[in-house]
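In: What shape does this take:
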Amino acid sequence: HSSGCGMNTSGYAMNVFNRTIEGFKIHPNFGKVFVIGLGCECAQISLYNNDQEKRNIEYLNIQDEGGTNEIITKVTSKILNQLNQINSLSRTNIPISKLTVALQCGGSDSYSGITANPALGIASDMIIDHGGTTLLSETPEIYGAEHLLFEKSSNQKNIEKLNKQIEWWKEYVASNDSTLDNNPSPGNKKGGLTTILEKSLGAVSKAGNRNMVDVLDYAEQVKTKGLNFMNSPGYDPVSVTGQVASGANVICFTTGRGSCFGFKPTPSIKIATNTNMYNKLSEDMDINAGTIMDNVASVNEVGKEIFDKIISVASGEKSKSEINDYGDDEFPVITDIFYLNFILTGSIYGLILAFIIKSFALANSTIESGFLRINHKIDDVARSLNTPGWKLLFRIHLPLLTTSFLTSMILVVSEVIKELPASLILRPFNFDTLAVSTYIYAAEERMFDAAAPSIAIVAVGLLPIFVLSRLIVKSRPGYRNNDNHYQSY
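Out: Below is the predicted model of the structure:
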């Protein structure tokens, strides 16, 4: 984790940090946990290492171990040595009452509140009826519909606590010159949502019809089985982090616009709100709740389908996000090729290697055409005149190859400038190329911001055309230069 250094040693922020680390540390989906600290931060690992033997957890400091590479080597070696033991752990049958299911939505649309979210609410009721727990979150996105949660609670303290959390968010956004109704997002609007009220009414429907038994702070451990509400931002990765720290071992994620969200170590079940999106993103969607709008299935039937999928995934069936190996941004997985992943993923080295591989064919074909211009007869004549090899190279071969080398370089640079897929996947954090910047701005509908990098890409693309055309003209027999000399072969 990147936090813990420049923080107060006590107070709300440190409490949240400690709860989050503690929640992940004891999460049942981990077979082994390493807690790694720098060594001098406020969040000392001594705060957490009182149960090392009990929880199969190990604690290490980078400063104590001798640096980054040393600790990577040590932890990797420990993991590889313990893999057989960890993999020997076998599944055991446990009741559904042991499940804690996180209720999430992202990329909502106008169908969310009438298909996927109510169906997830039915599944939530079924989990609770079997003695399990469900966890609703995203406080800013229940704004305007909080009264529906108040009606679900007979405990006045829970109502007061939830109301206090909402008031805190009002003050927080006001201090940043915004309001809680500054929502929905551009993607939500494209999906047909017009106000935060519409979005909140749909979001609350994920909670189903059972009573709300407790209101938790962020990453606070679940204490009471049933429907719980956990305070969190509306940003999905941050919200889910808190839910998992609270004990969620399965995530149900409804989406109308489409999402590829995954969160290791907790499997994420994606539920599409409409059939059109489900068909387009079928490799990422686990369940199609659009069948409700298609009049093929009822809300209760899709709710039962979601419930059955939760049980199947909890029993070992892989969700689509697991099949596609999403979730590494939250928790990287160490494999046998750990060092290669470490060097190539999220680093400039990986990006350079990707550019070399992708541009090789383009550069090679151009340079190869230059070599074809060197006739072996030229070498034979030069040798007959006793011309040294180095003179042959610098006075004949290189001049003939110069155009090809320059052409190759220009084409590669032009290709690298506008390349997007590899840059988007492999670029280091906070490192954006022109193509990536354009993509990000356009995705956020910030067209004015996207204009400058877009124009730069076009300009860079036109420059090689101009330069190449000049080189081609100069290379033609009979070309007349400024000195009124003709070039012939």
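In: Could you pick out the longest helix of the protein?
Out: For the chain, the helix that runs over the most residues, judged by DSSP state H, is helix 447-475.
In: tell me the secondary structure for Cys40?
Out: coil (DSSP: H, G, I helix; E, B strand; the rest coil).
In: pretty sure it contacts Asp64?
Out: No: if you go by Cβ atoms under 8 Å, Cys40 and Asp64 don't touch, sitting 10.6 Å apart. Using the backbone N, CA and C atoms, a C-beta is placed for each residue, glycine as well.
In: Compare these two (neighbour count), which wins?
Out: More crowded of Cys40 and Asp64, by other Cβ atoms under 10 Å: Asp64, with 13 against 10.
In: And the next helix or strand past whichever strand or helix holds that one?
Out: Assigned by DSSP states H and E, Asp64 belongs to helix 62-65. Following the chain from helix 62-65 toward its C-terminal end, the next helix or strand by DSSP H and E is helix 68-87.
In: List phi and psi for Gly257.
Out: One thing to correct before we go on: residue 257 is Arg, not Gly. In terms of degrees, to the nearest 10, the main-chain angles of Arg257 are phi -80, psi -20.
In: One more: Ile251?
Out: Dihedral angles (degrees, to the nearest 10) for Ile251: phi -110, psi 130.
In: What sits closest to Gln104 if chain neighbours are left out?
Out: Closest residue in space to Gln104, ignoring its immediate chain neighbours: Phe253 at 4.6 Å, by Cβ to Cβ, 6 or more residues apart in numbering.
In: Ser268 versus the one you found, what's the distance?
Out: Counting by Cβ to Cβ, to the nearest Å, the gap from Phe253 to Ser268 is 5 Å.
In: now Ser259
Out: From Ser259 over to Ser268 (counting by Cβ to Cβ), the distance is 9 Å.
In: returning to what we had before: please identify every residue contacting each of Phe253 and Ser268.
Out: Phe261 (Cβ atoms under 8 Å, 6 or more residues apart in numbering).
In: Just the pLDDT for Thr345.
Out: Thr345 carries a pLDDT value of 48.
In: neighbours around the residue nearest to Gln104, how many?
Out: 26.
In: right, and it touches Cys105 too?
Out: Yes: shown here, Phe253 and Cys105 form a contact pair, counting by Cβ under 8 Å, at 6.9 Å.
In: helix, strand or coil for Val215?
Out: Val215 ends up strand, using three-state DSSP.
In: Assess the claim that it and Lys161 are in contact.
Out: Yes: with contact defined as Cβ under 8 Å, Val215 reaches Lys161; the gap is 4.4 Å.
In: Which one's more surrounded, these two?
Out: Val215 (22 against 17).
In: And the strand or helix carrying Val436, what does it pack against?
Out: Following DSSP H and E, one finds Val436 within helix 434-443. Counting contacts by 3 or more Cβ pairs under 8 Å, 6 or more residues apart in numbering; DSSP states H and E, helix 434-443 is packed against helix 398-418, helix 421-426, helix 447-475.
In: again, only using 6 Å
Out: Under the contact criterion of 3 or more Cβ pairs under 6 Å, 6 or more residues apart in numbering; DSSP states H and E, helix 434-443 touches helix 421-426, helix 447-475.
In: measure Asp217 to Thr273 for me?
Out: 30 Å.
In: Comparing these two, which shows the higher neighbour count?
Out: Thr273 (33 against 16).
In: okay, the more buried one: pLDDT?
Out: 94.
In: show me the contacts for it.
Out: 109, 111-112, 115-116, 256, 289 (Cβ atoms under 6 Å, 6 or more residues apart in numbering).
In: Distance-wise, check it relative to Asp64.
Out: Separation of Thr273 from Asp64 (Cβ to Cβ) stands at 50 Å.
In: next one: Ala435
Out: Taking Cβ to Cβ, one finds Ala435 at 42 Å from Asp64.
In: cool, and Ile269?
Out: Applying Cβ to Cβ to Ile269 and Asp64 gives a distance of 41 Å.
In: Kindly report the same for Gly208.
Out: 49 Å.
In: Okay, now the unreliable bits of the stretch 101-250 of the chain?
Out: By pLDDT under 70, the low-scoring segments of the stretch 101-250 of the chain are 182-187, 189-197.
In: For Leu148, which non-adjacent residue is closest in space?
Out: Per Cβ to Cβ, 6+ apart, closest to Leu148 is Val204, 4.9 Å.
In: Which helix or strand contains the one you found?
Out: Assigned by DSSP H and E, Val204 falls in helix 196-204.
In: swap in Ala102?
Out: strand 100-105.
In: Would you tell me what the next helix or strand after that strand is?
Out: Downstream of strand 100-105 (by DSSP H and E), the next one is helix 116-129.
In: angle of that next one against helix 196-204?
Out: 30 degrees (axes from the mean of the first three to the mean of the last three Cα atoms, to 10 degrees).
In: Against which helices or strands is helix 116-129 packed?
Out: strand 250-255, helix 299-314.
In: Report the buried residues of that helix.
Out: Buried residues in helix 116-129, counted by 16 or more other Cβ atoms under 10 Å: 116-128.
In: For it, which outside residues touch it?
Out: Against helix 116-129 from outside (Cβ under 6 Å, 6+ apart): 101, 134, 202, 205-210, 226, 252, 254, 271, 273, 289, 299-300, 302-303, 306-307.
In: Now list the buried members of those residues.
Out: Buried among the contacts of helix 116-129 (16+ other Cβ under 10 Å): 101, 134, 202, 205-208, 210, 226, 252, 254, 271, 273, 289, 299, 302-303, 306-307.
In: Tell me what the residue nearest to Gln104 is bridged to.
Out: Gln104, Lys270 (DSSP bridges).
In: Quick one, grab the pLDDT at it.
Out: At Phe253, the pLDDT recorded in the model is 96.
In: Can you give me the distance of it to Ile122?
Out: Phe253 is 16 Å from Ile122, by Cβ to Cβ.
In: pretty sure Leu227 is touching Met212, no?
Out: Yes: at 5.0 Å, Leu227 counts as touching Met212 under the criterion of Cβ atoms under 6 Å.
In: Comparing the two, which residue is more hemmed in?
Out: Leu227 (26 against 22).
In: Look up phi and psi at that one.
Out: Taking degrees, to the nearest 10 as the convention, Leu227 sits at phi -80, psi 120.
In: Identify the residues contacting the host helix or strand of Trp390?
Out: Trp390 belongs to helix 389-392 when assigned by DSSP H and E. Helix 389-392 has contacts (Cβ under 6 Å, 6+ apart) with Ala382.
In: How far away from the center of its chain is it?
Out: Between the centre of helix 389-392 and the centre of its chain there are 55 Å (Cα atoms, centre = their mean, to the nearest Å).
In: ditto for stretch 23-38
Out: 21 Å.
In: Over to stretch 240-260?
Out: On Cα atoms, centre = their mean, the centre of stretch 240-260 falls 13 Å from that of its chain.
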